[in-house]
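Q: Show me how the following folds:
(one chain, ligands or ions: 1)
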Amino acid sequence: MMRAFIAVDFDHDVKKNIVHVQQAVQNHATAGRWKQMDNFHLTLEFLGEITPGEMDRICLLMGEVAGRHVPFELCLGKIGFFKGRGVFRVVWLGIEGDQDALNALQRDVKDTLALLNFRDDNRFSPHITLGQDVKLDVPFEQLKDTVSAGKDLIYVRAFCLMDSRVIDGRRVYTPVKQFDLSG
Ligand code: 3AM
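A: Okay, the predicted model is just below:
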């Protein structure tokens, strides 16, 4: 079995830009668990535990999805959060750019996975997780006004099946299969 999800992976330069934003947030944090730079990604769908047989079927169908979409451009947006009890459960970096293309790709991934009985009722809320269970020493709105990402374009040419596992006590996400957009 493999714990898996479908995501857009980023190249090194984009991850370096995301780290700058993360560091600006960390400068005002009194608590938090922070994503390692290698693990920054944009989740399209979470799958959970899958068998090798399911992985084969998923890969076949995701290849077909990729063939229905053309590459598109995104850029990094503003920071935001998902609320927790007394903490910011997730502090994330938002996405701007060609949201229509991103949403169309995500919908196709989701609808296609539903054919294999992978169902996710969550509404897609594109975000890049920076940290979890975060506490800050300033109001979030104040931080939001001061922290911004570079507007460099992110070329989305592919998406990936990601493996999520703990190695030596540290969570590691590894792209196991890449699907190139070619539609
Ligand atoms: O880092 P983000 O938020 O993009 O939140 C988890 C993470 O996404 C999400 O899958 C990504 C890789 O772990 N995730 C984990 N468990 C989940 C679940 N049970 C989940 N998403 C939905 N349902």
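Q: now the helices for the protein?
A: Assignment of helices within the chain using DSSP state H yields the ranges 12-26, 52-66, 99-115, 140-146.
Q: The third one: which residues count as buried?
A: Along helix 99-115, the positions that meet the burial threshold by neighbour count (16 or more other CB atoms under 10 Å) are 101, 102, 105, 106, 108, 109, 110, 112, 113. (C-beta placed from N, C-alpha, C; glycine too.)
Q: Check stretch 9-24 too.
A: Buried residues in stretch 9-24, counted by 16+ other CB under 10 Å: 9, 10, 14, 15, 17, 18, 19, 21, 22, 24.
Q: Please apply the same query to stretch 29-36.
A: Within stretch 29-36, the residues that count as buried by 16+ other CB under 10 Å are 29, 32, 34, 35.
Q: Same check on stretch 159-177?
A: Neighbour-count burial for stretch 159-177 flags 159, 160, 161, 162, 163, 164, 173, 177 (criterion: 16+ other CB under 10 Å).
Q: Just flag the most distant two among those residues.
A: 159 and 164 (15.4 Å; CB to CB).
Q: Pairing-wise in the sheet, spell out the partners of the most centrally placed residue in the chain.
A: Residue closest to the mean C-alpha point of the chain, counted by CA atoms, centre = their mean, is residue 42 at 1.8 Å. Counting by DSSP bridges, residue 42 is bridged to residue 8.
Q: And residue 134, by the same measure?
A: Taking DSSP bridges as the rule, residue 134 bridges to residue 88.
Q: Please tell me how far it sits from the ligand.
A: With distances taken as CB to the nearest ligand atom, to the nearest Å, residue 134 is found 13 Å from the ligand.
Q: Thought residue 83 was touching that residue, still the case?
A: No: using CB atoms under 8 Å, residue 134 makes no contact with residue 83, being 11.1 Å away.
Q: I appreciate the help and will end here.
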